[in-house]
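Student: need a 3D model of the following:
(2 chains)
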Amino acid sequence: MHTSFRNLTGKERAAFIGKYLFMGLCSLVALFPIVWVIMSSFKTNAEILSNGISLPSSLSPDGYIAALTISPILKYFGNSVIITVITTILNVLFLAMAAYVFARCRFRGRNLLYFILSLSLVVPTTALLQPVYSVVNTLGLYDTKMGLVLVYTAINMPMSLLILRGTFQSIPRALEEAAYLDGAGFLRTFFQIMMPCAKGGLTSAAVLTFLNSWNEFTFALMLTNGQEARTLPLSLSYFTAQFSFNYTAMFAAVTIAVIPSIIVFAIFQEQVVSSLTAGSVKG
Amino acid sequence: MRAKKRWIVLFLLPAVILFLLIYAIPLVMVFLTSLFDYRLTGSGMTFVGLKNYVQMFHDPAFRTSLLHTIIWILIHCVLHVALGVALALVLYKKPRGWKFVRTTYMIPNIISNAAVGMIFLNIFNPQYGVVNSILRAVGLERLTHNWLNETATAFPSVTMVWLLFAGYTTTLVLAEALSIDESVLEAAKVDGATGFQMDKFVVLPLLRKIIATTMVMAATYMLQMFDLIYVTTNGGPGKATTNLPLLLYGVYKSENNYGYANTIGVVIILLGAIVMTIINKLFRVNEDDY
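Tutor: Have a look, this model is predicted:
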């Protein structure tokens, strides 16, 4: 692994070069689209139209100013923040409660109920677009932020349940027993003893729910109509019409939409990786 | 003890309500209403038996969408997963820069598909897009196309919007490969296995289950693919890039034919179950490794 390039035979050298070429290409393929968009957001309209792959001549923020003035992008950004934050809190709280009970309490029908709830893991929610709309509409939540919160909290349920049940199962029982002996009730034991111990799993579930909700498109399209509940990803699909030929502003708007995801990923990278791994191990 | 029972019920309640509202009730509704003539306009619901299904099998748009969905699932399960696994097999030996590659390769997977779609809408733009700009720069003007809007190029072009971004696959397979017991690899080395033989005969078989998992994920992803197509081509030109979710949405939104839309929903659910069964059988997921 640490042999230097000079000591390798011809065949090994080829393999070495091939390996790094492959790694480089993968990184390039992944980074190029983002870098191109950010770069284009600093070009003028004329520069974009004359040559799509040239570098910007200056770093002017005009595109961003235009994006903010042409469309109520800040409002959509705010909608996305509200919906995503409430969804993440509710999802993690509700599923932690359920996961704790499944991991620790004995009651009749426990395994059956867990099995039924985990069926949600294999249901393609796209097939349920019309009935979900019906349910949300019947509850009077069509075109509201709360309607999207309800749906997002639910569609992130399978992964969170899986991750959190595993987390609670791995916490030593002695901790809880000590709490009960000290006279702590069910509620206090859960919130003061168990929740802090489950911090890792809670973060993983939260990060995954956050990213999924921030990025969700299909249900946002189905369940909103006006600007009141329109989320940032959904607003992107209206940009082509709105920004008619102001390409700089459009690229700026796309940049604004992707930056939060990238920041959250950069901070919580390890949690994303561990939550994916935990979520993929079918129990 | 009774107090504890009350807490148990209370703790399960939110999750159960969410499940009922967004999974259970809609599932029952999808199957039931597929047997009804059920539209936005008109006189409510009339039971029509399997009429929606008969209509569906005679609908050329359905056959095209089903075919596209299956082709995309196959391409994704084979090429996309192979790419992700290949990169994981390179990275698990921890060559210099492996963490950087793992991180950057994930980026297209963690940003919103609406943004990815918008980016590719521009990359494929006939006027200032990257593809045509490069072709012009190297003097291949005649190869330029209106990639997403010509019938011949739309399908392969849309496929490129998701095919190469196998970050999830790489991350999952890599995590599993890194957790393989060192002693297994040492033993193989002692037996004289070279690097390539080691990957093929020792590491890959141990990754069987996780690869099957990533294939199931790839299949369900393509089964449900909607946003990237909606943003880039909206299923067009004609029906050149329409799949089942796009068709369902169109039937729901522009025809307001809810019964028929849900019939397509039933097909999506059944197709998902079939694909998952096939993958699990192929990879003998339920058998032990030793």
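
Student: mean confidence score for whichever helix in chain B runs longest?
Tutor: The longest helix of chain B (DSSP state H) is helix B:258-282. Taken as a whole, helix B:258-282 has a mean pLDDT of 93.

Student: list the buried residues of it.
Tutor: For helix B:258-282, burial by neighbour count (16 or more other CB atoms under 10 Å in any protein chain shown) applies to B:258-269, B:271-272, B:275-276, B:279-280. (Glycine included, C-beta is placed from N, CA and C.)

Student: can you tell if that helix touches chain A?
Tutor: Yes: using CB under 8 Å from any CB of the partner chain, helix B:258-282 reaches chain A at B:Y258, B:A261, B:N262, B:I264, B:G265, B:V266, B:I268, B:I269, B:G272, B:A273, B:M276.

Student: for the stretch 151-290 of chain B, what lies in contact range of chain A?
Tutor: That would be B:164-165, B:167-168, B:171-172, B:175-176, B:195, B:210, B:213-214, B:217, B:220, B:223-224, B:226-227, B:230-231, B:245, B:248-249, B:252, B:258, B:261-262, B:264-266, B:268-269, B:272-273, B:276, which are the residues of the stretch 151-290 of chain B within reach of chain A (CB under 8 Å from any CB).

Student: show me where pLDDT drops low in the chain?
Tutor: I'll assume chain A. A:1-4, A:240-244, A:279-283 (pLDDT under 70).

Student: meant chain B actually
Tutor: Counting by pLDDT under 70, chain B has low-confidence residues at B:1-2, B:42, B:288-290.

Student: find the centremost residue of it, please.
Tutor: B:Y221 (1.7 Å; CA atoms, centre = their mean).

Student: same check on chain A?
Tutor: Chain A has A:L211 as the residue nearest its centroid, 1.1 Å off, counting by CA atoms, centre = their mean.

Student: wasn't that residue part of a helix?
Tutor: Yes: applying DSSP: H, G, I helix; E, B strand; the rest coil, one finds A:L211 inside a helix.

Student: that one contacts A:S261, correct?
Tutor: Yes: using CB atoms under 8 Å, A:L211 and A:S261 qualify as a contacting pair, with a distance of 6.2 Å.

Student: who touches both of those two?
Tutor: Residues touching both A:L211 and A:S261 (CB atoms under 8 Å, 6 or more residues apart in numbering or on different chains) are B:I110.

Student: looks to me like B:D37 is in a strand.
Tutor: Yes: counting by three-state DSSP, B:D37 is located in a strand.

Student: okay, now it: neighbour count?
Tutor: Using other CB atoms under 10 Å in any protein chain shown, B:D37 is surrounded by 18 other residues.

Student: how far away is it from B:Y260?
Tutor: 9 Å (CB to CB, to the nearest Å).

Student: again with A:L25
Tutor: The gap separating A:L25 from B:Y260 is 44 Å, by CB to CB.

Student: do A:K11 as well
Tutor: Relative to B:Y260, A:K11 is positioned 60 Å away (CB to CB).

Student: again, but for A:A103
Tutor: Counting by CB to CB, the gap from A:A103 to B:Y260 is 43 Å.

Student: next: A:A266.
Tutor: 45 Å.

Student: how about A:V85?
Tutor: 38 Å.

Student: A:N7 now?
Tutor: Counting by CB to CB - A:N7 and B:Y260 are separated by 68 Å.

Student: please, which helix or strand holds B:T46?
Tutor: For B:T46, the host element (DSSP states H and E) is strand B:45-47.

Student: give the other helices and strands that the helix or strand that that strand is followed by contacts.
Tutor: Per DSSP H and E, the first helix or strand lying C-terminal to strand B:45-47 is helix B:51-57. On a contact count with 3 or more CB pairs under 8 Å, 6 or more residues apart in numbering or on different chains; DSSP states H and E, helix B:51-57 meets strand B:36-38, helix B:258-282.

Student: A:K199: which of the ones you listed is closest?
Tutor: helix B:258-282 (33.2 Å; CB to CB).

Student: so which elements touch the closest one?
Tutor: Using 3+ CB pairs under 8 Å, 6+ apart as the contact definition, the elements that helix B:258-282 packs against are helix A:129-138, helix B:25-33, strand B:36-38, helix B:51-57, helix B:60-75, helix B:208-223, helix B:244-253.

Student: need those in a markdown table (columns: distance to B:A86).
Tutor: As requested, those are exported to a markdown table (distance: least, CB to CB, whole Å):
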| stretch | distance to B:A86 |
| --- | --- |
| helix A:129-138 | 35 |
| helix B:25-33 | 37 |
| strand B:36-38 | 47 |
| helix B:51-57 | 39 |
| helix B:60-75 | 16 |
| helix B:208-223 | 11 |
| helix B:244-253 | 29 |
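
Student: quick one: which of those is nearest A:T255?
Tutor: Taking the helices and strands packed on helix B:258-282 one by one with CB to CB, helix B:208-223 is closest: 25.2 Å.

Student: what's that closest one in contact with?
Tutor: Residues from elsewhere that reach helix B:208-223, judged by CB under 8 Å, 6+ apart: A:122, A:124, A:126, A:280, A:282, B:69, B:72-73, B:75-77, B:80-81, B:84-85, B:168-169, B:172-173, B:176, B:204, B:244, B:268, B:271-272, B:275-276, B:279-280, B:282-285, B:289.

Student: for that helix, list the C-alpha coordinates in CSV.
Tutor: Extracted C-alpha coordinates of helix B:208-223, given in CSV (Å, rounded to 0.1, in the frame of the first residue of the first chain):
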residue,chain,number,x,y,z
ARG,B,208,-23.2,-9.9,-1.4
LYS,B,209,-25.8,-8.7,1.0
ILE,B,210,-25.0,-5.1,1.0
ILE,B,211,-24.8,-5.0,-2.8
ALA,B,212,-28.3,-6.6,-2.8
THR,B,213,-29.4,-3.8,-0.5
THR,B,214,-28.0,-1.1,-2.7
MET,B,215,-29.7,-2.8,-5.7
VAL,B,216,-33.0,-2.7,-3.9
MET,B,217,-32.4,1.0,-3.1
ALA,B,218,-31.5,1.6,-6.8
ALA,B,219,-34.6,-0.2,-8.0
THR,B,220,-37.0,1.6,-5.7
TYR,B,221,-35.3,4.9,-6.6
MET,B,222,-36.0,4.4,-10.3
LEU,B,223,-39.4,2.9,-9.6
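
Student: need the next SSE after that helix, C-terminal direction.
Tutor: helix B:227-232.

Student: pull the distance from that following helix to the chain's centre.
Tutor: Averaging C-alpha positions (CA atoms, centre = their mean, to the nearest Å) puts helix B:227-232 13 Å from its chain's average.

Student: repeat for stretch A:143-157
Tutor: The answer for stretch A:143-157 is 14 Å, by CA atoms, centre = their mean.

Student: say whether chain B is contacted by that stretch.
Tutor: Yes: using CB under 8 Å from any CB, stretch A:143-157 reaches chain B at A:L150, A:V151, A:T153, A:A154, A:I155, A:M157.

Student: got the buried residues for that stretch?
Tutor: Quick answer for stretch A:143-157 (16+ other CB under 10 Å): A:143-145, A:147-157.

Student: noted, bye for now.
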